[in-house]
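Chemist: Fold the following.
(2 chains)
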Amino acid sequence: MKRAAAGLLLFMLAAPAPAQEIYELLLKGGHVVDPKNRRNERLDIAVSAGKIRKIARGIPAAHGRRVVDVSDYYVTPGLIDIHAHFDAHGDPHSLNPDHNALRNGVTTAVDAGSSGWKTFEAFKSNVIDHASTRVLAFVNIVGGGMSGIDNEQDPGAMDPEAAARIARKYPETIVGIKTAHFQPATWDAVDRAVKAAELSKTIVMVDFQPKPGRGYRELILEHLRPGDIHTHVYGRVTPQLDERKVVRDYMWEARKRGVLFDVGHGAGSLWFRIAAPAVKQGFLPDTISTDIHKRSIMISRATMTNVMSKFLAMGMTLEQVIERSTINPARAIQRAELGSLEEGGVADIAVLEVRTGDFAFLDSGRAKLTAGKEIRCVLTVRNGQVVWDSEGLSVADWRDTGAYTNFK
Amino acid sequence: MRLTTCRLLVLLAAACAAPGQTRYDLLLKNGHVLDPANRIDGVMDVAIAAGKIARVEADIPAAQARKVVDVKGLYVTPGLVDLHAHVFGYSGSIFPDDSALTACTTTVVDAGGSGWRTFDEMRKRIILPSRTRVLALLNIVGHGMVGQKFEDDTADMDPQKTAAKIVENRDYIVGIKTAHFGGDGWTAIDRAIEAGKLSKTPVMVDDKIFTNTGRTSREKLLDKMRPGDIHTHMYNDRQLELLDRFNGKVQPYMLEARRRGVLFDLGHGAGSFLWPVATKAMAQGFAPDTISTDLHSSSIMTVESDMPNCISKMMNLGMSLPDAIVRSTVHPAKSISRFPQLGTLSAGQVADVAVLRLRSGVFAYKDAWQKKFLGTKRLECALTVRGGQTVFDRDGRGYPEWTKAGEYEVFR
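Modeler: Below is the predicted model:
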C-alpha cells in the first residue's frame, strides 16, 4: 500500500507539466473594453475551438497559429443588437442578418417581432438556422408578425397562449414577446404581450404610441413589469421631456421600477432634439439598438456602430456606449453570458476603431450632429472564426503567399 | 409651429429664393464633375429638376435651387452602373438597395438570377420594390440560377422562349447570361447566343471552361462569342488562362477577341479576382472594359466587392479615376444599350448621380483567395442621388445641424 503510494508520487513527479496550449487565433495588444468585468486596458485574447481560452497581458505571439495585431483598436465583447429586423424571408422590410450585423461587430442580433407566433418557425428554418450571426427573437404577439400595419391591428390575432407556447418551445432562440404599431386606443396589444411573457417567463418589448386613455405614463408605471423594455425611447411620439426639455419624473420612476429603455433607432425613433437633452441630464439608454431595416439603413444609417457613434457624440463615454451595446442588452434578454469576454466562454468578439476626423450623423428627422469621432468595426470574430476583416489584419499579403492554388 | 423647409433654410443662412423663382430641386455645388461622355473633368455645379439633370455648369446661382448641397472636395459622377450583380434567384443574392445605393450604384444588372420561367416573379419581388434601378440578364436556363442540377439541364435552355421573354420586357431585360454549365460541349453557350441573335441582345458568358468538357476558352472567345458579347470574371484564372502560365503574358487569343469587340468584364465576386492575374494583366494594359462586382452574399462578407471597392482596386493597379469612371458608367451603359439614358450627366437624362470621396492612406484590399494588397487610395461613396432624390448622404451634407433647427420634423 505504502509502496504503491510512493510509486504514484514518483510517477506524478516525473509527469510532464501540462502542455502549453497552441491557440488558433491570438488577438494581440488591443485595448480591451469589457464593462462587465471592468476591463479597460491592453490585453491579449487567445481563442481556440470557438472559445476564448485566455485573456491576459503578454501571451506570446509564438503560441498562436494566427496572430492578429489589434494594437490600434479597441477589443470588446461581440456587440448585441436587441432590436433588429432580419426576417429577410418573411418580412418585406427585413435585411440579411450577416451582412448587416457581422460587418458592424454585432454577433448577436435579436429580431424584434418581424415574425409572429404563427410565422416564427418559417423564420427560424429560412433565416435563423442558416445565419452565422446568432439571431434570437422577440416573437410578435400578432400571429403573422409584421406583415403590414393593417394586419397588426386585430386583437383577435393576438393570442397570449399561442405566443407563450412557441416561446416555450424554442427557449434557446426566443427571448420574449414584441408588440408594435398598434393603433386602437386600448391596452389589448400591450396587455396580451405581457400576458404571453408571464406565461412563458420571458419579457416584452413594446413599441408604443400614446392615445387618449392609453398614456405613456401608465404604460411604464403600470402595464410594464420590471425587466420589460420600452423601445424607441427617444422617439417623438412618447412624452419623455417636458416643455422645458427636462426629463419627466415618471421616466426616472419607471427606471427605478426596473423598466428598461431601449434606443431602437429605426427610421423614425431617434431625434437628437430629444436624445441629446436626455443624455445630458443623465437619462442614458439602458440598451443601444438599431431597429435596422430596409429604410432605416439608408439616410439615417441605423447600423450598430453608427448608433453607438451617435451616442458617443452626444457625450456618453466609450465605456458607457460599449456597456449599453454588450452586457446591458445581454442581461436584458437574460443571456448575460453573451455580453462579456470570459475564459471558457464563446469567442464572440468585436474589434472597433475609433476614428478621429470630421464626421456627421443624421437622425430620424435628418437633422445633423457633427462629431470628431466615429466608431467603426474593423474585425469580427463569431464563434472563434474571423467573419469580417475590413483591414485585412488577419490575412497575408499576396506577394508573400507563393503560388496561388485552389488547394485550401 | 411647423417651419417650412424654405424658412428653415433661411434660418440656416443657406440660399433660398421665393417660391416660383427656384428652377431646380437640388443643386450639387462645387464638386469635381467627371462626366466622361460629355468630356467634363473639372469643378462644376450639377442642377437637378423633376428627377432629371437640368444643367451642368460652373457657378449656377444657389438662389435658383430649392436645396443646395456643397460637395466641395468630392467627385461628382454619373450614378455607377454595376453590370454584374446578384439580386434574385441565386442562393447568395442580396437585396439591392442597402448594398448598391449606399455604394453610389444606382443601376444594377442582375446576371442571370432569373430565366424566362421566373422573370415575372423577379419583376414583382425585386425590380418593382427596389429604389435601385434593377435590370436583368436573363439566364438561358428557364428556371434561372437556382442550382447545378438546373443549370446543367440543357432541356431547359430554350432560345425561343428566352428571346420572347426579352422582347416582352425590354424595359428591364437587357441581355442573356449563361453560367455554371458543367456538362459537355457547347449547348449552353450556343443556345444563349442563339437567344441573343433572336432578341438582338448581348450574352454574358462566365469562365466555366473545363478542359474535360470539350470546350476551350480560345474557341469560346474567338469562334462563339460575337462583338458586344461579354466575357465576365476576366481576372479569375481557374480555367480561363488569361495569362500564359510560363511567360505571364496575356494570351494572344484574348487580345484578338478584344480586337473583335468581345467585352471583358471584371465580375469580381468571391472567386474571380486574383492579385497575380490582375497585377500582370494591368501591367500589360489589359484592363476590364466594364468594372463590375458580381455582388452576392459571400463577396460582400469576405472581400467587400462593391463598386467603390472594385474601382479602388483598379486605381491602386494604376488606372486613373476618370478612366475607372468611364468603365463604371459609360461602358456598362453602352454594353447593354442604355447609353446615353444611363451613364452620363447630360441635361434631360435621369438624375442618377454619385458623389465620391477619394481618400489617401494605407488600405487593405482582399482578392478572391483572401490575400491582401496594400494600396494608398480608396474611393468611397459620400452621397447618392437616384431619380433626383437623395437616397444616401454619408456626411449629412444636405441637412441642417440639429442644434439650429428648432423643434424640427422630417427634412426632405
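
Chemist: interface residues of the stretch 301-408 of chain A facing chain B?
Modeler: Where the stretch 301-408 of chain A comes near chain B, counting by C-beta under 8 Å from any C-beta of the partner chain, the residues are A:301, A:358-370, A:387-393, A:395-398, A:401, A:404, A:406. Where C-beta positions appear, they are placed from N, C-alpha and C, glycine not excepted.

Chemist: Report the secondary structure state of A:Ala163.
Modeler: Under DSSP: H, G, I helix; E, B strand; the rest coil, A:Ala163 falls in the helix class.

Chemist: Over to the one 4 residues further on?
Modeler: Put simply, A:Ala167 is helix when judged by three-state DSSP.

Chemist: That one: what's its closest spatial neighbour, skipping adjacent residues?
Modeler: Spatial nearest neighbour of A:Ala167, excluding adjacent residues (C-beta to C-beta, 6 or more residues apart in numbering or on different chains): A:Ser200 at 3.7 Å.

Chemist: For the one you found, grab the count of nearby residues.
Modeler: For A:Ser200, the count of nearby residues is 23 (other C-beta atoms under 10 Å in any protein chain shown).

Chemist: Check the residues of the stretch 301-408 of chain A next to chain B for burial and list the buried ones.
Modeler: Neighbour counting with 16 or more other C-beta atoms under 10 Å in any protein chain shown marks A:301, A:359-369, A:387-393, A:395, A:398, A:401, A:404 as buried within those.

Chemist: residues near the closest residue to chain A within the stretch 51-200 of chain B, how many?
Modeler: Going by C-beta to the nearest C-beta, chain A is nearest to B:Asp98 of the stretch 51-200 of chain B, at 4.9 Å. B:Asp98 has 23 neighbouring residues, counting by other C-beta under 10 Å.

Chemist: The one 3 residues further on now?
Modeler: By other C-beta under 10 Å, 23 other residues sit near B:Leu101.

Chemist: Would you mind measuring from it to B:Ser130?
Modeler: B:Leu101 is 9 Å from B:Ser130, where distance means C-beta to C-beta, to the nearest Å.

Chemist: Who does the helix or strand that contains A:Ser115 pair with, and is each partner parallel or antiparallel?
Modeler: Assigned by DSSP states H and E, A:Ser115 falls within strand A:106-116. Looking at strand A:106-116 with DSSP bridges, its partner strands are strand A:79-84 (parallel), strand A:134-140 (parallel).

Chemist: So which of those has the densest surroundings on average?
Modeler: Neighbour counts (mean count of other C-beta atoms under 10 Å in any protein chain shown) averaged over each of the strands paired with strand A:106-116 peak at strand A:79-84, with a mean of 32.

Chemist: Quick one: distance of that strand to the chain centre.
Modeler: For strand A:79-84, the separation from the chain centroid amounts to 3 Å (computed by C-alpha atoms, centre = their mean, to the nearest Å).

Chemist: next helix or strand past it?
Modeler: Downstream of strand A:79-84, the next assigned helix or strand under DSSP H and E is helix A:97-101.

Chemist: ok, now how distant is B:Glu151 from B:Arg338?
Modeler: Counting by C-beta to C-beta, the gap from B:Glu151 to B:Arg338 is 27 Å.

Chemist: thinking again about what came up before, let's see which of the buried ones among the residues of the stretch 301-408 of chain A next to chain B end up in strands.
Modeler: Among those, DSSP state E puts A:Phe359, A:Ala360, A:Phe361, A:Leu362, A:Lys368, A:Leu369, A:Val387, A:Trp388, A:Asp389 in strands.

Chemist: check contacts around the residue found closest to the fourth one once you drop the neighbours it is linked to in the chain.
Modeler: The spatially closest residue to A:Leu362, leaving aside those adjacent along the chain, is B:Gly396, at 4.6 Å (C-beta to C-beta, 6+ apart). Contacts for B:Gly396 (C-beta atoms under 8 Å, 6 or more residues apart in numbering or on different chains) come out as A:Ala360, A:Phe361, A:Leu362, A:Arg366, A:Lys368.

Chemist: Pretty sure the fourth one sits against B:Glu401.
Modeler: No: with contact defined as C-beta atoms under 8 Å, A:Arg366 does not count as touching B:Glu401 (11.4 Å).

Chemist: lowest-confidence helix or strand of chain B?
Modeler: Every helix and strand in chain B was compared by mean pLDDT, DSSP states H and E; the lowest is helix B:5-11, with a mean of 45.

Chemist: For residue 107, give me the pLDDT.
Modeler: I went with chain A, as the question did not name one. Listed pLDDT for A:Thr107 reads 98.

Chemist: that's the wrong chain, I wanted chain B
Modeler: Note for B:Thr107: predicted pLDDT of 98.

Chemist: where's it relative to A:Asp286, distance?
Modeler: From B:Thr107 to A:Asp286 the distance is 43 Å (C-beta to C-beta).

Chemist: The two - which one has more neighbours?
Modeler: When B:Thr107 and A:Asp286 are compared for neighbours, B:Thr107 comes out ahead with 27 against 21, by other C-beta under 10 Å.

Chemist: got a list of what the more buried one touches?
Modeler: Going by C-beta under 8 Å, 6+ apart, B:Thr107 touches B:Gly79, B:Leu80, B:Val81, B:Asp82, B:Thr132, B:Arg133, B:Val134, B:Leu135, B:Ala333, B:Arg338, B:Leu342, B:Asp352.

Chemist: could the residues you listed be laid out in JSON lines, adding pLDDT and distance to A:Pro212?
Modeler: Shown next, in JSON lines, are the contacts of B:Thr107 (pLDDT from 0 to 100; distance: C-beta to C-beta, whole Å):
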{"residue": "B:Gly79", "pLDDT": "98", "distance to A:Pro212": "47"}
{"residue": "B:Leu80", "pLDDT": "98", "distance to A:Pro212": "50"}
{"residue": "B:Val81", "pLDDT": "98", "distance to A:Pro212": "52"}
{"residue": "B:Asp82", "pLDDT": "98", "distance to A:Pro212": "51"}
{"residue": "B:Thr132", "pLDDT": "97", "distance to A:Pro212": "42"}
{"residue": "B:Arg133", "pLDDT": "98", "distance to A:Pro212": "45"}
{"residue": "B:Val134", "pLDDT": "98", "distance to A:Pro212": "45"}
{"residue": "B:Leu135", "pLDDT": "98", "distance to A:Pro212": "50"}
{"residue": "B:Ala333", "pLDDT": "98", "distance to A:Pro212": "56"}
{"residue": "B:Arg338", "pLDDT": "98", "distance to A:Pro212": "54"}
{"residue": "B:Leu342", "pLDDT": "98", "distance to A:Pro212": "52"}
{"residue": "B:Asp352", "pLDDT": "98", "distance to A:Pro212": "46"}
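
Chemist: so where does the residue positioned nearest the centre of chain B fall, helix or strand?
Modeler: The centroid of chain B falls nearest to B:Asp82 when counting by C-alpha atoms, centre = their mean (1.3 Å). Taking DSSP H and E as the definition, B:Asp82 sits inside strand B:80-85.
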